[in-house]
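>>> Sequence unavailable; structure follows:
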């Protein structure tokens with residue numbers, strides 16, 4: 001039996017509850033810990049995490065469920081637990097790397113993964129030329145850290161794109177610009193990776209009049225089988241991000257599959273409901289293998 005902690009600020013959320021049930025069904029002790037309430041004690045040779053006034057001890061493994069709004073502190077808590085010798089299903093540096101859309105795309109593209117053409121402006125004066133480099137409008141504007149489609153805007157013209165970027169910049173919110181893949185027609189594919197395999201994938205279709213295919217924005221979904229090329233690019237993307245658990249979003253384009261982003265804390269509700277696959281169970285099984293490798297023995301027996 002393992003002593004598992006799920007780091008989550010929402011104990012009642014579907015993903016948290018699904019993981020909790022899957023762990024209990026396999027005989028593990030599990031509890032939900034709000035990482036926002038954790039205090040880190042940094043002392044020479046003795047890293048500690050305090051929770052509700054008590055030192056956290058005895059944990060074998062942690063499953064991070066870190067929201068985008070608390071990425072930095074969530075990653076700091078994970079890092080502290082790593083320094084304490086606890087196995088974490090998502091590494092702190094992997095979380096930070098995947099959350100930064102620009103850094104993620106830089107690493108993927110440099111390693112041969114096809115992504116939408118992307119630019120970022122160091123100065124506003126460069127925007128017209130950069131938009132031309134993307135093939136002209138429309139272009140997609142994205143905040144570097146965003147989820148559920150929030151902070152993602154389709155700019156139909158230069159006159160629309162430039163003031164939007166300038167407004168974000170003045171607010172201290174750097175953005176990237178991407179080519180608009182017209183043939184995708186408001187669709188994408190979410191592939192869920194656990195360990196070294198794709199355990200489920202779904203095809204998402206945006207609502208009429210909406211180009212974002214996020215289910216939080218009313219998109220519909222259906223199960224889909226990946227092509228061999230798509231599965232290869234999905235698994236390689238997760239590997240490059242050093243993620244054991246990942247939601248990889250791809251677009252089907254005229255030039256083949258394009259990776260839009262790699263999600264380090266993907267939600268379970270949409271894809272479990274759509275595909276009927278026990279993804280939470282697969283995560284717990286992968287966690288068991290990870291702890292065994294980490295500790296060098298079958299500690300839960």
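On my side now, so go ahead. Fair warning: this is a prediction, and the values are worked out from it, not measured in the lab.
>>> residue ranges of the helices in this protein, please?
Using DSSP state H, the helices of the chain run over residues 14-25, 71-83, 92-99, 101-110, 127-133, 158-170, 228-240, 269-275, 279-295.
>>> To residue 193, which of those lies closest?
With Cβ to Cβ as the measure, helix 228-240 is the member of the helices of the chain nearest residue 193 (4.3 Å). All C-beta spots, glycine's among them, are computed from the backbone N, C-alpha and C.
>>> Pull out the buried positions in the closest one.
Neighbour-count burial for helix 228-240 flags 230, 231, 233, 234, 235, 236, 237, 238, 240 (criterion: 16 or more other Cβ atoms under 10 Å).
>>> Just the residues contacting it, thanks.
The contact list for helix 228-240 (Cβ atoms under 8 Å, 6 or more residues apart in numbering) reads 107-108, 111, 113-114, 189, 191, 193, 196-198, 201, 226, 244, 246, 248, 250, 256-257, 259, 262.
>>> Also compute the angle for it relative to helix 92-99, please.
Interaxial angle, helix 228-240 versus helix 92-99 (axes from the mean of the first three to the mean of the last three Cα atoms, to 10 degrees): 130 degrees.
>>> Nearest residue to the middle of the protein?
For the chain, residue 263 is the residue whose C-alpha lies nearest the centre (Cα atoms, centre = their mean; 1.6 Å).
>>> And the chain, what are its domain boundaries?
3-90+281-295, 97-114+183-264, 118-180 (automatic domain parsing).
>>> that older thread, next, format the buried residues of helix 228-240 as a markdown table and append distance to residue 153.
Listed next are these as a markdown table, based on distance: Cβ to Cβ, whole Å:
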| residue | distance to residue 153 |
| --- | --- |
| 230 | 27 |
| 231 | 31 |
| 233 | 26 |
| 234 | 26 |
| 235 | 31 |
| 236 | 29 |
| 237 | 24 |
| 238 | 27 |
| 240 | 27 |
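>>> Reformat the residues you listed as TSV; add pLDDT and distance to residue 270.
Supplementary listing: those in TSV, determined by pLDDT from 0 to 100; distance: Cβ to Cβ, whole Å:
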residue	pLDDT	distance to residue 270
230	97	19
231	97	20
233	97	21
234	98	17
235	98	21
236	98	24
237	98	19
238	98	18
240	97	24
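>>> for those, which one is nearest residue 25?
Distance to residue 25, by Cβ to Cβ, is smallest for residue 238 among those, at 25.5 Å.
>>> Distance of that closest one relative to residue 164?
31 Å (Cβ to Cβ, to the nearest Å).
>>> ditto for residue 53
46 Å.
>>> cool, and residue 201?
32 Å.
>>> higher neighbour count, the two?
Neighbours per residue, other Cβ atoms under 10 Å: of residue 201 and residue 164, the larger number sits with residue 201, 24 against 15.
>>> just to revisit the earlier point, now a ChimeraX select for only the buried ones of the contacts of helix 228-240.
Only the buried entries of the contacts of helix 228-240 go into this ChimeraX selection, using 16+ other Cβ under 10 Å:
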select :107,108,113,114,189,191,193,198,201,226,244,246,248,250,257,259,262
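>>> In strands, which of the contacts of helix 228-240 appear?
189, 191, 193, 197-198, 201, 246, 248, 250, 256-257, 259, 262 (DSSP state E).
>>> quick one: which two of these are the most distant?
197 and 256 (21.5 Å).
>>> In contact with the nearest residue to residue 225 once chain neighbours are set aside, which residues?
Once flanking residues are discounted, residue 225 sits nearest to residue 201: 7.3 Å by Cβ to Cβ, 6 or more residues apart in numbering. Contact partners of residue 201, counting by Cβ under 8 Å, 6+ apart, are 189, 190, 191, 192, 223, 224, 225, 226, 234, 271, 275.
>>> Over to residue 47?
Applying Cβ under 8 Å, 6+ apart, the residues near residue 47 are 40, 41, 80, 83, 84.
>>> Retrieve the pLDDT associated with it.
For residue 47, the pLDDT comes out at 91.
>>> Look up phi and psi at it.
The phi/psi pair for residue 47 (degrees, to the nearest 10) reads phi -70, psi 140.
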